[in-house]
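J.: only geometry, no sequence info:
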């Protein structure tokens, strides 16, 4: 697999080569056409001038005519033909005569024009311009004046131009490739520095180090800033995971320690059946606490990976809350607490969600209110509509929660009174589950409380 640097250089070099090739072909074709046109214009002008200088009465090539037309200096040849096409004279630099072509003889060009053609003699090509001289318009031809030049010289110039184009193009291509290699190395050096810095980060340094954001490179600055945002999220997730692991370990260690201690004490000596029964009852309570803790941790794990909502259906929140209240009446009676359900409106109070998850949300709030309220108090579950939301309020008249605890209530394993929570079997995950499941349904939860007056937990869910 080629590196990014190699791919950049190859791509840039290929594009540059294609551009140079296109430019070279166009330049060569244009230059070739221009040279051919210049040669034709040159020969046409010389043939026309020759036709004017040659005397009809003395059809021959005078030496002064060659000097006048600069035959030797410009490396071209001259020929003069009579009206019948026979050769009347030629320049001194033409070794042998070249016959007049039939095309020129049949030409109907008026006076002043010339016939341009390419002649091949003994394998050598000549470009020729032949001027048929007429005294007046429509008169017969009196002579043919012809200027010729071997195409060897023209082709040599064309080949020299081609060599220059190829040479310069190759030099430019090599220079472009070297420049691309150097620039990509300079640019990717910053990427390499970012890579080295990222590789050097350890989990212990997530909260201490961040990648340098260069001010003079917008793309790398955006990349480094995005990576730093990712590191911030990773740091937060890592810290949450560490805290969750530590708290979970602590929560699991305590009931396991109690279980082991009670069993070890029970096994030290023979005991009565009643003593063993007390140990088993105590162990059952600890196992139930472990079971609740495991279920809560599993629920949070499912929400974290996006599996908190198994399926969505139309759920009537009023009926759901009435069912939860009926199910928990026994627990409320044991605590001598009045548990009641109220509807804030006669309209259908439905949401699209997972019925089991929503039951867990309401049940957790009601259980907390019942467990932590003193005997003789009242817990009310009220369902109302606040467009576009459906609100479920769990209101208790207990002792309330101090203001300093309110911002942390929904944190995992957070408990206002750890000793009191242990007595009631709490693990500090119930409110975290409520918050996570409410947010998974597109809603949220908030709490208001006053010490000595009670607390109100409000869950808001999008109305169906």
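T.: Received it, and whenever you're ready, just let me know what you need. If you're wondering where the values come from, they're calculated on a predicted model, not measured in any experiment.

J.: Please count neighbours and contacts with C-alpha atoms only from this point.
T.: Noted.

J.: how many other residues sit next to residue 103?
T.: When neighbours are counted by other C-alpha atoms under 10 Å, residue 103 registers 10.

J.: my bad, should have said residue 34
T.: Using other C-alpha under 10 Å: residue 34 sits among 12 other residues.

J.: Which elements pack onto the helix or strand that contains it?
T.: Here residue 34 sits within helix 4-53, counting by DSSP states H and E. When contacts are defined as 3 or more C-alpha pairs under 8 Å, 6 or more residues apart in numbering; DSSP states H and E, helix 4-53 packs onto helix 63-69, strand 124-133, strand 143-150, helix 151-200.

J.: The last one relative to strand 124-133, how many degrees between them?
T.: Angle between the axes of helix 151-200 and strand 124-133 is 120 degrees (criterion: axes from the mean of the first three to the mean of the last three C-alpha atoms, to 10 degrees).

J.: what is the orientation angle of helix 151-200 with helix 4-53?
T.: For helix 151-200 against helix 4-53, the angle by the same axes, to 10 degrees is 160 degrees.

J.: Strands along the chain, start to end?
T.: Using DSSP state E, the strands assigned to the chain run over residues 77-82, 87-90, 115-121, 124-133, 143-150, 313-316, 338-343, 350-353, 378-386, 389-396, 444-450, 454-462.

J.: how about JSON lines for the helices and strands packed on helix 4-53, with mean pLDDT, distance to residue 271 and mean neighbour count added?
T.: Output for the helices and strands packed on helix 4-53, formatted as JSON lines (pLDDT from 0 to 100; distance: least, C-alpha to C-alpha, whole Å; neighbours: other C-alpha atoms under 10 Å):
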{"stretch": "helix 63-69", "mean pLDDT": "88", "distance to residue 271": "141", "mean neighbour count": "13"}
{"stretch": "strand 124-133", "mean pLDDT": "90", "distance to residue 271": "128", "mean neighbour count": "24"}
{"stretch": "strand 143-150", "mean pLDDT": "91", "distance to residue 271": "130", "mean neighbour count": "26"}
{"stretch": "helix 151-200", "mean pLDDT": "81", "distance to residue 271": "61", "mean neighbour count": "15"}
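
J.: just so I know, which of the ones you listed lies nearest residue 443?
T.: helix 151-200 (36.8 Å; C-alpha to C-alpha).

J.: so what's residue 448 up against?
T.: Residue 448 makes contact with 455, 456, 457, according to C-alpha atoms under 8 Å, 6 or more residues apart in numbering.

J.: one step back: residue 38 is nearest to which of the helices and strands packed on helix 4-53?
T.: helix 151-200 (10.6 Å).

J.: and the angle from the closest one to strand 115-121?
T.: 90 degrees.

J.: Out of the helices and strands packed on helix 4-53, flag the one nearest residue 26.
T.: helix 151-200 (10.8 Å).

J.: so how far is residue 76 from the nearest residue to residue 378 once chain neighbours are set aside?
T.: Sequence neighbours aside, residue 338 is the residue nearest to residue 378 in space, at 4.6 Å (criterion: C-alpha to C-alpha, 6 or more residues apart in numbering). Computed with C-alpha to C-alpha, to the nearest Å, the distance linking residue 338 and residue 76 is 124 Å.

J.: now swap in residue 252 and tell me
T.: 108 Å.

J.: what sits against residue 185?
T.: Neighbours of residue 185 in contact, by C-alpha under 8 Å, 6+ apart: residue 5.

J.: same question, residue 47
T.: 78, 114, 129, 130, 131, 145, 146, 147.

J.: Nearest to residue 56 among the residues you listed?
T.: Using C-alpha to C-alpha, the contacts of residue 47 come closest to residue 56 at residue 145, 11.1 Å.

J.: Run through the residues that contact that closest one.
T.: If you count contacts by C-alpha under 8 Å, 6+ apart, then residue 145 has 47, 48, 50, 51, 78, 79, 80, 81, 130, 131, 132, 133 around it.

J.: ok, the fourth one to residue 345 distance?
T.: Read it as residue 51. 116 Å.

J.: Please verify my assumption that residue 134 contacts residue 142.
T.: Yes - using C-alpha atoms under 8 Å, residue 134 makes contact with residue 142 at a distance of 5.8 Å.

J.: Point out where the stretch 251-400 of the chain drops to low pLDDT.
T.: Residues of the stretch 251-400 of the chain that meet the criterion pLDDT under 70 lie in 251, 254, 296, 300, 302-308, 310.

J.: all helices of it, in order?
T.: Under the criterion DSSP state H, counting those that start in this stretch, the stretch 251-400 of the chain carries helices at the ranges 273-304, 317-327, 329-334, 355-371.

J.: which strands and helices sit next to the longest one?
T.: Packed against helix 273-304 by the contact rule (3+ C-alpha pairs under 8 Å, 6+ apart) you find helix 218-267, helix 430-440.

J.: Compare those and say which comes out lowest on pLDDT.
T.: Across those, helix 218-267 has the smallest mean pLDDT, namely a mean of 72.

J.: picking up where we left off before, quick one: which of residue 51 and residue 345 has more around it?
T.: Remark: of residue 51 and residue 345, residue 51 carries more neighbours, 23 against 11, as counted by other C-alpha under 10 Å.

J.: who's sitting farthest from the centroid in the chain?
T.: residue 57 (86.7 Å; C-alpha atoms, centre = their mean).

J.: Phi first, then psi, for that residue.
T.: phi -70, psi -20 (degrees, to the nearest 10).

J.: gap between residue 401 and residue 151?
T.: 106 Å.

J.: Residue 461 too?
T.: Taking C-alpha to C-alpha as the measure, residue 461 falls 91 Å from residue 151.

J.: quick one on the thing from earlier: of residue 338 and residue 76, which one has the most company?
T.: Ranked by neighbour count (other C-alpha under 10 Å), residue 338 and residue 76 place residue 76 first, with 21 against 16.

J.: Which residue, other than its chain neighbours, is closest to the more buried one?
T.: Nearest to residue 76 is residue 149, by C-alpha to C-alpha, 6+ apart, at 4.7 Å.

J.: mind listing what the one you found touches?
T.: Contacts here follow C-alpha under 8 Å, 6+ apart; on that basis residue 149 touches 43, 75, 76, 77, 126, 127, 128.

J.: What of residue 52?
T.: Taking C-alpha under 8 Å, 6+ apart as the test, what residue 52 contacts is residue 133.

J.: distance of it from residue 325?
T.: 124 Å.

J.: same question, residue 249
T.: 33 Å.

J.: Give the residue from the two that has the larger number of neighbours.
T.: residue 325 (22 against 11).

J.: Tell me how many other residues crowd residue 287.
T.: 15.

J.: so how far is residue 279 from it?
T.: From residue 287 to residue 279 the distance is 12 Å (C-alpha to C-alpha).

J.: likewise residue 285?
T.: With distances taken as C-alpha to C-alpha, residue 285 is found 10 Å from residue 279.

J.: Ok, residue 141 next?
T.: Distance from residue 141 to residue 279, by C-alpha to C-alpha: 140 Å.

J.: Pick out whichever of these two has more residues nearby.
T.: residue 141 (20 against 17).
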